[in-house]
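>>> Take this sequence and fold it.
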Amino acid sequence: MAVDLVTQELILRAQDGDQDSMNMILKNYENFIFLNARNYFLVGADKDDLLQEGMIGLIKAIRAYDNNKEASFKTFATLCIKRQIVTAIKAANAQKNLALNSALGNSIETSEGREVSYNKGLDSYINYTPEELFLGKEKIKEFYTFVAENFSSFEREVFAQMVKGYNYREIADQLGKTLKTIDNSIQRIKRKSEVWIQRY
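So this is what the prediction gives:
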């Protein structure tokens, strides 16, 4: 893997201002950053924007890395890259929250034909995803079509509670199920959501 070619000597030279060393590290991490960035959505942007944010995170990692710490540079850089991407996404999401909630509407139909509101928007759902999932407005309807076609009736019930902001125990209480049953359902929802994420 290209990232393994980044040596401590190369990092030190980059920290001392050697631009060739800096460029070499950026080049070796480019594919690594792309693989991390593809798991995220940035509202109103494309993958190149996320790649750029990842590069910014990597530059911050190079400048701040201390070899005397226990963490390897790769571990430290991964943390900085993901933190930079997530920070950019959260900033964009804060500005777009109202538009996203409007695009979602005010309710989702349950297996019993009832409609439940989720005025708190997507924040609670984001907390349950394997990656922090932020959906661009143009993808909202596609995602809910995917939910309707691929989630079981019980999974849609659980999902409806998730987007209302309830935690595991509250969902279990609301639906009269055990925590284990709810956890199993949420894990299935995560796996199915990942399928949709990979498509987009």
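>>> burial of the closest residue to Ile85 other than its chain neighbours, as a residue count?
Nearest non-adjacent residue to Ile85, counting by C-beta to C-beta, 6 or more residues apart in numbering: Glu53, 5.0 Å away. Using the backbone N, CA and C atoms, a C-beta is placed for each residue, glycine as well. Using other C-beta atoms under 10 Å, Glu53 has 23 other residues around it.
>>> Gly54 reaches Arg83, doesn't it?
No - judged on C-beta atoms under 8 Å, Gly54 makes no contact with Arg83 at a distance of 10.2 Å.
>>> out of these two, which sits in the more crowded spot?
Using other C-beta under 10 Å, the more surrounded residue of Gly54 and Arg83 is Gly54, with 26 against 14.
>>> Who are the contact partners of that one?
Ile33, Phe34, Asn36, Ala37, Ile81, Gln84, Ile85 (C-beta atoms under 8 Å, 6 or more residues apart in numbering).
>>> Assign a three-state SS to the first one, would you?
To tie it back to what came earlier, the one meant is Ile33. helix (DSSP: H, G, I helix; E, B strand; the rest coil).
>>> Tell me how many other residues crowd Asn31.
Going by other C-beta under 10 Å, the residues that sit close to Asn31 add up to 12.
>>> returning to what we had before: list the contacts of the residue nearest to Ile85.
Neighbours of Glu53 in contact, by C-beta under 8 Å, 6+ apart: Ala37, Leu42, Gln84, Ile85, Thr87, Ala88.
>>> let's see it at 7 Å
Gln84, Ile85, Ala88 (C-beta atoms under 7 Å, 6 or more residues apart in numbering).
>>> Just want to check the distance between the last one and Met55.
Distance from Ala88 to Met55, counting by C-beta to C-beta, to the nearest Å: 12 Å.
>>> Can you add distance to Asp18 and give the contacts of Gly54 back as CSV?
Shown next, in CSV, are the contacts of Gly54 (distance: C-beta to C-beta, whole Å):
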residue, distance to Asp18
Ile33, 21
Phe34, 25
Asn36, 26
Ala37, 26
Ile81, 21
Gln84, 23
Ile85, 26
